[in-house]
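Colleague: 3D, please:
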Amino acid sequence: MKVYWQKLFILTFVWLLSEVFLGFLGLDDLADYGEFVFSQKVIVLTI
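Modeller: Have a look, this model is predicted:
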């Protein structure tokens, strides 16, 4: 398995930078909430 360290470092750095930037803008929580809403498959039982 060949690991492309330079690409991994760049992608990690971009992800971290975007997390910090969106955190300052207050949009990071909104994105996390959107991921939570659209990734959940919940069965709701009503009686």
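Colleague: which strands or helices does the helix or strand containing Leu16 pack on?
Modeller: According to DSSP states H and E, Leu16 maps onto helix 5-25. The contact analysis (3 or more C-beta pairs under 8 Å, 6 or more residues apart in numbering; DSSP states H and E) places helix 5-25 against helix 28-39. (Glycine included, C-beta is placed from N, CA and C.)
Colleague: measure the closest residue to Leu22 other than its chain neighbours to Tyr4 for me?
Modeller: Of all residues not flanking Leu22 in the chain, Asp28 sits nearest, at 4.0 Å (C-beta to C-beta, 6 or more residues apart in numbering). Separation of Asp28 from Tyr4 (C-beta to C-beta, to the nearest Å): 27 Å.
Colleague: how about Leu27?
Modeller: Distance, Leu27 to Tyr4, by C-beta to C-beta: 30 Å.
Colleague: likewise for Asp29?
Modeller: Counting by C-beta to C-beta, the separation of Asp29 from Tyr4 is 32 Å.
Colleague: follow-up on the earlier one: show me which of Leu27 and Tyr4 is the more surrounded one.
Modeller: Leu27 (12 against 9; other C-beta atoms under 10 Å).
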